[in-house]
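Trainee: Whatever this is, show me its structure:
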Amino acid sequence: ISLAISGTNLLASSINGLYLSTNNGLSWTLVTNGIVANTLFKSFVVIGTNTYAGSSNGLYLSNNNGLNWVATNNGIPTDRFISSILQIGTSILIGTYGNGIYLSNDNGANWSTLNNGILKNVGITTIASNSSKIFIGTQRSGIFTSNIDGTNWSSCNTGLSEEAIITSLAIKGSKVFAAIWGNGLYMSDNNGLSWDKLNLGYNTDEINDVIVNGTNIFAIDNNYGIFKSTNDGISWNRIGINGNNVISIAVNGTAIYAGTSDNGIYFSNNNGISWSQISTGLTNLEIRNILIKGSQIFAGTNDGVFLSNDNGLNWNALNTGLTNLNINSLALIGTNVFVSTNDGIFILSNAASEWLSASVGIPVNSGAKSLGANGNYIYAGIDVVWKRPLSDFVGINETTQNDLLQIYPNPANNTLTINLSQLQKLQNTTVS
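Mentor: From the prediction side, this is the model:
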């Protein structure tokens, strides 16, 4: 499940498909035109006026902001899950589970394999690039690299196990960082010719993510929490919390909020030098998501959403309007906060401090895992990726509890939505 933000438009993917909202999440439409039923979406990217969605049934393309989709698998086996999509110049690269890398130079109309040098049936987990090289992480085959054209690949595992499981790749300047499940964090300062294991000071063998944020590099280990480097990985300081499994993190300047799997939230206001637990008011201590909006901090848990207005010192439940408290993701799109649950997508009404359903058009019990936006489109991950133009959301105004009638989008193109509140019935009304 994934969320995507594109200007004022939103896309959400769930196990039931891809959903699009053109009115800041007040309502959602399940995008099914051209999409095979029960398709799961993993990744998507917007390139110009085209949106590409990687799924369990191959690659889909939409050129009208996600309203309609066509399979664009000419040359791609449709039984392969597309795990990642990367744009390099005018070319598109996709990574698959089991069939390697594919390239298109004509906006996805035709695809050709780029597997010269890649082991057969390799599973691609992640793709990253700098100005001269492309790197792919795999399941049990380590790392491969190619020049920026991707025509020839070579294993670049000197210093690594040939069966390494790559969980994350990050690039900072001339340095490439690779998180390897069961074997820690590695760095290459020569474009992958060789790798050196970094000493974080602990037996950090379960690093599941590495993140570059400005001049800082963060590594997250399942057992030892968060580590930070301010000198390109030469030295590391443990800024995590002893004995806690950190599963979510939010950074705002020197302030860091770390969510754990069973011990609430920890806060540091000095880039992780010291930490304090800030869980007062939380009724569930598995912190799946943390989102920062100005002076407000949101936390997603199995007991719904919690809000703090005092930097996390105190938390209050913010669940009015939610029909399911199993929170999958939180997203800030423009000035609006969205949440996805197992029942769909909701938008926070700032006027009423309650959640309004934004799932119109989405199948019942469809939970979006992620939302995102890029260029002129918004994307949603609901097993598959859905896309819709941000222009569909133009002219949408926030309403309050006293509003009787909502009509959106305005202006409308072919379709508009009318919502009534507090009215038992509407008489003598004509829509034309």
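Trainee: contacting residues for Asp310?
Mentor: Counting by CB atoms under 8 Å, 6 or more residues apart in numbering, Asp310 makes contact with nothing. Just so you know, the C-beta spots here come from the backbone N, C-alpha and C atoms, and that holds for glycine as well.
Trainee: how close does it get to Leu285?
Mentor: Using CB to CB, to the nearest Å, Asp310 is found at 19 Å from Leu285.
Trainee: and if you look at Ile292?
Mentor: 20 Å.
Trainee: now swap in Ser261 and tell me
Mentor: Ser261 is 8 Å from Leu285, by CB to CB.
Trainee: Also Ile273?
Mentor: Ile273 is 24 Å from Leu285, by CB to CB.
Trainee: Likewise for Ala109?
Mentor: Separation of Ala109 from Leu285 (CB to CB): 50 Å.
Trainee: Looking at the two, which is more packed in?
Mentor: Neighbours were counted for Ala109 and for Leu285 using other CB atoms under 10 Å; Leu285 has more, 17 against 11.
Trainee: Could you pull up the contacting residues of Val251?
Mentor: 213, 218, 257.
Trainee: Please point out which parts of the one helix or strand it maps to sit buried.
Mentor: Assessed by DSSP states H and E, Val251 sits inside strand 246-252. By 16 or more other CB atoms under 10 Å, the buried positions in strand 246-252 come out as 246-251.
Trainee: Can you name the element that comes right after it?
Mentor: Downstream of strand 246-252, the next assigned helix or strand under DSSP H and E is strand 255-260.
Trainee: Mind listing the strands the helix or strand following that next one pairs with, and their directions?
Mentor: Downstream of strand 255-260, the first helix or strand assigned by DSSP H and E is strand 265-268. Strand pairing for strand 265-268, determined by DSSP bridges: strand 255-260 (antiparallel), strand 276-277 (antiparallel).
Trainee: what does strand 265-268 contact?
Mentor: 239, 241, 244, 255-260, 274-279, 282, 287, 290, 299, 311-312.
Trainee: Check stretch 197-210 too.
Mentor: Residues outside stretch 197-210 that contact it (CB under 8 Å, 6+ apart) are 159, 167-170, 177-187, 217-224, 227, 233, 236, 238.
Trainee: same check, this time on stretch 119-126
Mentor: 83-84, 95-101, 136-141, 165-169.
Trainee: If we go by neighbour counts, what in it is buried?
Mentor: Quick answer for stretch 119-126 (16+ other CB under 10 Å): 119, 122-126.
Trainee: how about TSV for the residues you listed, with pLDDT added?
Mentor: TSV is the format used below for these (pLDDT from 0 to 100):
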residue	pLDDT
Leu119	70
Val122	81
Gly123	83
Ile124	83
Thr125	80
Thr126	80
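Trainee: Export those as a markdown table, with columns for distance to Ile345 and secondary structure.
Mentor: Output for the buried residues of stretch 119-126, formatted as a markdown table (distance: CB to CB, whole Å; DSSP: H, G, I helix; E, B strand; the rest coil):
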| residue | distance to Ile345 | secondary structure |
| --- | --- | --- |
| Leu119 | 39 | coil |
| Val122 | 35 | coil |
| Gly123 | 30 | strand |
| Ile124 | 29 | strand |
| Thr125 | 27 | strand |
| Thr126 | 26 | strand |
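Trainee: ok, of those, which one's closest to Ala71?
Mentor: Nearest to Ala71 among the buried residues of stretch 119-126 is Ile124, at 19.9 Å by CB to CB.
Trainee: Find the residue closest to that closest one in space, skipping its chain neighbours.
Mentor: Excluding the flanking residues, the one nearest Ile124 by CB to CB, 6 or more residues apart in numbering is Gly95, at 3.1 Å.
Trainee: Quick check: that neighbour touching Ser84?
Mentor: Yes - here Gly95 reaches Ser84: they are 4.1 Å apart, a contact under CB atoms under 8 Å.
Trainee: Between the two, point out the one with more neighbours.
Mentor: Counted by other CB under 10 Å, Gly95 and Ser84 do not tie: Gly95 has more neighbours, with 27 against 21.
Trainee: Pairing-wise in the sheet, spell out the partners of the more buried one.
Mentor: Following DSSP bridges, Gly95 is listed with bridge partners Ser84, Ile101.
Trainee: Over to Ser62?
Mentor: Going by DSSP bridges, Ser62 forms beta bridges with Thr51.
Trainee: Please, which helix or strand holds Val337?
Mentor: Counting by DSSP H and E, Val337 is found in strand 336-341.
Trainee: what's the offset of that strand from the middle of its chain?
Mentor: 13 Å (CA atoms, centre = their mean, to the nearest Å).
Trainee: Sheet-wise, list the partners of that strand with their directions.
Mentor: For strand 336-341, pairing defined by DSSP bridges yields strand 327-333 (antiparallel), strand 344-349 (antiparallel).
Trainee: Let me know the angle separating the longest one from strand 246-252.
Mentor: Relative orientation of strand 327-333 and strand 246-252, computed by axes from the mean of the first three to the mean of the last three CA atoms, to 10 degrees: 10 degrees.
Trainee: Just give me how far strand 327-333 sits from the chain centre.
Mentor: With CA atoms, centre = their mean, you get 9 Å for strand 327-333.
Trainee: what about it, average pLDDT?
Mentor: Averaging pLDDT along strand 327-333 yields 79.
Trainee: Restricting to C-alpha, output it in PDB.
Mentor: Extracted in PDB, the C-alpha atoms of strand 327-333 (Å, rounded to 0.1, in the frame of the first residue of the first chain):
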ATOM      1  CA  ILE A 327      -3.600   3.100  10.600                       C
ATOM      2  CA  ASN A 328      -1.500   2.200   7.500                       C
ATOM      3  CA  SER A 329      -0.100   5.600   6.600                       C
ATOM      4  CA  LEU A 330      -0.200   9.300   7.100                       C
ATOM      5  CA  ALA A 331       0.500  11.900   4.500                       C
ATOM      6  CA  LEU A 332       0.700  15.700   4.300                       C
ATOM      7  CA  ILE A 333      -0.400  17.000   0.900                       C
END
